[in-house]
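Participant: Got a predicted model here, sequence first, then my questions.
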There are 2 protein chains.
Amino acid sequence: MADRQRPLNRPRLSLAGMHLERTSPIALHQQIAAHLRSGILRGTFSAGTQFLGSREVARELGCWRMVVLTAWELLYAEGYLESTPRGGVSVASVNQTRANAAPVTADDAAAPFDVGHISNRWQSLLASEYDTNWKSDFSPGAPDISGFPFKDWARLLRQSWQDPDHAECLDLPAAGLPALRHEIANFLGSVRGVVCTPAEVVVTSGTSSALDLISRMILDHGDEVWVEEPGFVEARWALTAAGARLVPVPVDDKGLCVAEGIRRAPNAKLIVVTPSHQYPLGISMGLERRLELLDWANRNNAWIVEDDYNSEFRHQDSMIASLRSLDREQRVIYLGTFSKIMMPSLRLGYVVAPERFVTPFTRGRARIDVHSSGIGQMALAGFMKEGHLLRHLRRMRKVYAIRQQALMQAIITYMPDDLSVAPSATGLHLVAFFTGALKARMSDEEAARSLKAAGIHVQPLSQNYLELATRQGLVFGYGRLNAEDAPRLIARIAGILGCAPGPRASR
Amino acid sequence: MADRQRPLNRPRLSLAGMHLERTSPIALHQQIAAHLRSGILRGTFSAGTQFLGSREVARELGCWRMVVLTAWELLYAEGYLESTPRGGVSVASVNQTRANAAPVTADDAAAPFDVGHISNRWQSLLASEYDTNWKSDFSPGAPDISGFPFKDWARLLRQSWQDPDHAECLDLPAAGLPALRHEIANFLGSVRGVVCTPAEVVVTSGTSSALDLISRMILDHGDEVWVEEPGFVEARWALTAAGARLVPVPVDDKGLCVAEGIRRAPNAKLIVVTPSHQYPLGISMGLERRLELLDWANRNNAWIVEDDYNSEFRHQDSMIASLRSLDREQRVIYLGTFSKIMMPSLRLGYVVAPERFVTPFTRGRARIDVHSSGIGQMALAGFMKEGHLLRHLRRMRKVYAIRQQALMQAIITYMPDDLSVAPSATGLHLVAFFTGALKARMSDEEAARSLKAAGIHVQPLSQNYLELATRQGLVFGYGRLNAEDAPRLIARIAGILGCAPGPRASR
């Protein structure tokens, strides 16, 4: 234990043992101060310890005396040092007990700590095992960016920042840059047949973030929300974190079973659906069900989130009217994202909703995440206005159609008795359902585990169920699958799962 | 009421009344479909209504027959139309009652709606009256960007997107771009004396968003959190939205009164403090209090958020050690932002925390907001690496010091008997406290209201209190105040508040 008495004639301490790191970005006086602070807190330099004069210390360390004096002043201001009668400095008696209670050896500092207090909601987020591996050939959501017009995007970013509007740099509207909201409204009209005004558009930081904000705007702890069963796992995280009670509502061949939802959770405040192309099953919700859902939401004062993901890849001629366009009572909050039609790292998307939603949404949002990053909003508006986005989209529609075709053909060729697939009108993935023959041999979780062990990441369909999965299958993304690789990769999967190839398979 | 019987020989309907908008971005067949959908849902076209043949409709509308056929097909797929025995189309009997229940006139549609279900947490966000008007001369947080090196920033954005790393475009790490985390760690070492590794840095979307995520990671509904009284209103919003119980802990001339915090909320899970330069009072927390706080947090398994806002503007020589650098038990989560040293619309900031925090934080965060926008992360790393940020910061330190001096001088000149100000070591604002003389005439809220009526936005100090304000004052931001305007503006304020100028005032 260090001597608590203040000695009067103890020899003054040298700092010769200290090493100054001259190439470090940390200023020399800060290095000296950090060294002393640490020694004082560890008890190495006890209260009353006097140091050599600033000239001597500067000589020892090979630095200017000013550097040492600056360090002394800093520590004096912080209360670590006191001045001595003879003009020197000594260690102040700052709460020694407490300082000494800190770990004193490097070994102690390296000892494992418990993680400390973490909330239940966060632990539930951490607990789920779902793996979003976008680097896999079969990742369900990853787009192909090899043909993305990076040069135009880079040029527009430069142009937008050369001489920007200073008012917007300081105070961008919470709903997003007006020019971008305008372009999004135009885009939705031409690509998706969704008629809306710029005032109904809010720029978001992508689907997850939008759902996070929407669920907190609408739901209190314990409020019920209908989610599709099977459904989009990413959507459930935000709802779970918001404290919602998730009620799985089955999806049949006409889409969400509204009557079953009403039976299971008649007081739900929110419904989250993917009506154009149900995730993961790919079903389009029928008109009767759409009207039934809207009617129920109207009568029960509930909101509907329509996640219209990937509908941009659908050919316009086969496009189904959105819930939004059927909504006459201002119930529908339409969600879109640039993650798939451009790339996910941008974290930009949009909400289209009636102004009675937009006003409280943006006002509340301004207080918890201010607005989405303004770095790319002007460039994105230019990118859309100059037609680059539409051109890229048209190119990618063709590319993805070819990939889907190649994937389907490969599955039919190599696993005809074990998997059953149907073409999909849009999107970046297909579900291959297990036939009775394959189901008898393994579950989809078992199949995915065997494939993962061989380095192939494919999502088991049952991972998308909240309750017990009623169907078994594999979700194959093809966004990043080269068409010519499909036969080889699927043949390999067939081999691992022990599937017999059909008559047309030959290597 | 429309006839529910399906007529056999009713004349077939023309669409001659419909107008096709050829310059619209909405495809012609989508326009036809939208017109029919709307008519069917409103009951204008009742079930069984047959339309003229596609050739005749095409002639009426002046478009290709293919356009009409595509519209028919779409509505057929959606269930609005049925085919007739003679190869034509008629309106299907889709749940007429429900369709007719929708408003049928434009007047109805314009009738006011109730806002619908909004959660309590969101209503509490909306309820607060606090006004963040960054356009005012005296806004407490607005930086000056007139000298910002936009050309370099624009060039770096272009460079970073010319030929980017595709893996990062698809799958940026949740903690941020490694190169940016590296630059932030260097920057903090050199500018702030905070020693950290890149692994301890997480890129965030600014302080509000970081606090939103941190409070949800640490707090469950009803958990207690200490906040400074008076304190930073923006910080309280995220905590309130997270369902926390905010416990105001007074600040005296040594900073946060830790003992009072322990008395008021001994089980708090989180403490949010601004120790370098308390907001709004500008006090630097003393070493004793810092150690007392750390010690209490250790013993109670609580986390500390150290919001080190604006400390970059402080001259290094007067820099106080951060709580983070005193923290030996991995309790401190250090927050910084680029909103003030660059500009707020970027929405970029950082958290520095022990890895035991960083790991669960980024993993959970990936599930609710994925990561901060990747559009500017590489450019920002380059901006820091090339030294533009440090140069801008050095320039702005001088600019802000001159502005603070001008503001103080003007207040001393024009309102010597009514306001009392002291210089501040850093930041973009000063608090001018009411003297007894002014307090006897009005409250700070009343003063702010009078000024607002004259078009001058100044924040009343009492707005920063959760409980009854114990002091009265005005918070003057000077980030965007031109030094030469200070005398005129302050003289005007003195006039509005009826303050007598000092002997040196003359116009």
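Facilitator: Cool, got the structure.
Participant: what about dumping the CA coordinates of stretch A:170-188 to PDB?
Facilitator: Presented in PDB, the C-alpha positions along stretch A:170-188 are these (Å, rounded to 0.1, in the frame of the first residue of the first chain):
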ATOM      1  CA  LEU A 170     -27.600  22.400 -42.400                       C
ATOM      2  CA  ASP A 171     -31.300  21.600 -42.300                       C
ATOM      3  CA  LEU A 172     -32.500  18.900 -44.600                       C
ATOM      4  CA  PRO A 173     -36.300  18.300 -44.300                       C
ATOM      5  CA  ALA A 174     -37.000  15.200 -42.100                       C
ATOM      6  CA  ALA A 175     -39.000  13.700 -45.000                       C
ATOM      7  CA  GLY A 176     -36.000  14.000 -47.400                       C
ATOM      8  CA  LEU A 177     -34.800  16.200 -50.200                       C
ATOM      9  CA  PRO A 178     -37.800  17.600 -52.100                       C
ATOM     10  CA  ALA A 179     -36.100  16.900 -55.500                       C
ATOM     11  CA  LEU A 180     -35.700  13.200 -54.500                       C
ATOM     12  CA  ARG A 181     -39.300  12.900 -53.200                       C
ATOM     13  CA  HIS A 182     -40.400  14.300 -56.500                       C
ATOM     14  CA  GLU A 183     -38.400  11.700 -58.500                       C
ATOM     15  CA  ILE A 184     -39.600   8.800 -56.400                       C
ATOM     16  CA  ALA A 185     -43.200   9.800 -57.000                       C
ATOM     17  CA  ASN A 186     -42.600   9.900 -60.700                       C
ATOM     18  CA  PHE A 187     -40.700   6.600 -60.600                       C
ATOM     19  CA  LEU A 188     -43.500   4.800 -58.800                       C
END
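Participant: do it and chain B meet?
Facilitator: Yes: contact of stretch A:170-188 with chain B (CB under 8 Å from any CB of the partner chain) involves A:170-172, A:186-187. C-betas here are computed from N, CA, C, even on glycine.
Participant: Let me have those residues in a markdown table, extended by neighbour count, secondary structure and pLDDT.
Facilitator: Shown next, in a markdown table, are these (neighbours: other CB atoms under 10 Å in any protein chain shown; DSSP: H, G, I helix; E, B strand; the rest coil; pLDDT from 0 to 100):
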| residue | neighbour count | secondary structure | pLDDT |
| --- | --- | --- | --- |
| A:170 | 22 | helix | 92 |
| A:171 | 19 | coil | 89 |
| A:172 | 25 | coil | 94 |
| A:186 | 17 | helix | 93 |
| A:187 | 22 | helix | 93 |
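Participant: Nearest to residue A:417 among those?
Facilitator: residue A:187 (44.1 Å; CB to CB).
Participant: ok so, going back, closest one of the residues of stretch A:170-188 next to chain B to residue B:146?
Facilitator: Using CB to CB, these come closest to residue B:146 at residue A:170, 10.7 Å.
Participant: so that closest one sits right up against residue B:340, yeah?
Facilitator: No: with contact defined as CB atoms under 8 Å, residue A:170 does not reach residue B:340; the gap is 10.9 Å.
Participant: does residue A:36 sit in a helix or strand, and which one?
Facilitator: Residue A:36 is located in helix A:28-42, with elements delineated by DSSP states H and E.
Participant: Can you tell me which helices and strands the helix ranked longest in chain A packs against?
Facilitator: Identified as the longest helix of chain A according to DSSP state H is helix A:388-414. Judged by 3 or more CB pairs under 8 Å, 6 or more residues apart in numbering or on different chains; DSSP states H and E, helix A:388-414 is in contact with strand A:429-434, helix A:486-496.
Participant: Please tell me how far the helix or strand following the shortest one is from the chain's geometric centre.
Facilitator: If you walk from strand A:429-434 toward the C-terminus, the next helix or strand you reach (DSSP H and E) is helix A:436-441. Relative to the mean C-alpha coordinate of its chain, helix A:436-441 is positioned 36 Å out (CA atoms, centre = their mean, to the nearest Å).
Participant: And the average pLDDT for helix A:436-441 is what?
Facilitator: Mean pLDDT, computed over helix A:436-441, is 96.
Participant: After that helix, which helix or strand is next? Please name it.
Facilitator: helix A:444-453.
Participant: Now do the contacts for the nearest residue to residue A:442 once chain neighbours are set aside.
Facilitator: Ranked by CB to CB, 6 or more residues apart in numbering or on different chains and with sequence neighbours excluded, the top spatial neighbour of residue A:442 is residue A:497, at 7.3 Å. Contact analysis of residue A:497 by CB atoms under 8 Å, 6 or more residues apart in numbering or on different chains lists A:415, A:418, A:438, A:442, A:447, A:450-451.
Participant: Does chain B have contacts with the helix holding residue A:36?
Facilitator: Yes: applying CB under 8 Å from any CB, one finds helix A:28-42 in contact with chain B at A:29-30, A:33-34, A:37, A:41.
Participant: now for that helix, which elements pack on it?
Facilitator: Secondary-structure packing of helix A:28-42 (3+ CB pairs under 8 Å, 6+ apart): helix A:65-78, helix A:96-101, helix B:323-326.
Participant: looking just at contacts, which helices and strands does the shortest one meet?
Facilitator: Which is helix B:323-326. Helix B:323-326 packs on helix A:28-42, helix B:287-300, strand B:303-307, strand B:332-337, going by 3+ CB pairs under 8 Å, 6+ apart.
Participant: Which of the helices and strands packed on helix A:28-42 has the lowest mean pLDDT?
Facilitator: helix A:96-101 (a mean of 37).
Participant: isn't residue A:65 right up against residue A:58?
Facilitator: Yes: applying CB under 8 Å, one finds residue A:65 in contact with residue A:58, separated by 4.2 Å.
Participant: Give me the more crowded residue out of these two.
Facilitator: Between residue A:65 and residue A:58, counted using other CB atoms under 10 Å in any protein chain shown, residue A:58 has the larger neighbour count: 19 against 14.
Participant: and whichever residue of the stretch 401-507 of chain A sits closest to chain B, what are its phi and psi?
Facilitator: Proximity of the stretch 401-507 of chain A to chain B (CB to the nearest CB) peaks at residue A:480, 8.3 Å away. Dihedral angles of residue A:480 (phi, psi; degrees, to the nearest 10) stand at phi -110, psi 10.
Participant: how far away is the nearest residue to residue A:163 once chain neighbours are set aside from residue A:299?
Facilitator: Spatial nearest neighbour of residue A:163, chain neighbours left out: residue B:150 (6.6 Å); criterion: CB to CB, 6+ apart. Here the criterion is CB to CB, to the nearest Å. By it, residue B:150 lies 54 Å from residue A:299.
Participant: for residue A:457, same thing?
Facilitator: From residue A:457 to residue A:299 the distance is 44 Å (CB to CB).
Participant: Wait, residue A:239 touches residue A:214, no?
Facilitator: No: counting by CB under 8 Å, residue A:239 does not reach residue A:214; the two are 9.4 Å apart.
Participant: Show me which of those two is the more surrounded one.
Facilitator: With neighbours defined as other CB under 10 Å, residue A:239 and residue A:214 compare such that residue A:214 has more, 26 against 23.
Participant: what residues are up against that one?
Facilitator: Per CB under 8 Å, 6+ apart, neighbours of residue A:214: A:270, A:303, A:305, A:333, A:351, A:361.
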